[in-house]
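Student: Return a 3D structure for these sequence lines:
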Amino acid sequence: MICTLTARRLKPGAYDAFRAAWDPGDAPPEVIGRWKQVYHARDVNDESVVISFGMFDGTLEELRAIQAQADGGPPADRVGEHVEEVLLDGSYEVVEALTPADFGA
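Tutor: Residues are numbered from 1 along each chain as shown. Model prediction:
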């Protein structure tokens, strides 16, 4: 499983336009189905800072191949006009998945 994560500072008032541009709804079902969860989270102190992250069920090579084939480019290409600054962008291998039952074990 690969976690993709991007932190962005959006232009003032741009969240709705950013979200519309980010939407991968036109991707084929076999691509969308590889994503188990995707989140957009806003900083509680600065609503212009948005973290987008998702869980991709596959290898890094599979993720890169899907990103390369995406119509209209990856979301980063479509949302650029709404972004003031990219703070962090990367893909991370999930090495542990914890549940509350695992805490303190």
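
Student: Number of residues surrounding G90?
Tutor: 10 (other Cβ atoms under 10 Å). To be clear about C-beta, it is placed using only N, CA and C from the backbone, and glycine gets the same treatment.

Student: What mean pLDDT does the helix or strand containing it get?
Tutor: G90 belongs to strand 83-93 when assigned by DSSP states H and E. Taken as a whole, strand 83-93 carries a mean pLDDT of 95.

Student: How far does the strand or helix carrying M55 sit from its chain's centre?
Tutor: Assigned by DSSP H and E, M55 belongs to strand 49-56. Put simply, strand 49-56 sits 4 Å off its chain's centre (Cα atoms, centre = their mean, to the nearest Å).

Student: what are the pairing partners of it, and which direction each?
Tutor: As defined by DSSP bridges, the strand partners of strand 49-56 come to strand 2-10 (antiparallel), strand 35-42 (antiparallel).

Student: That's all I had, so thanks and see you.
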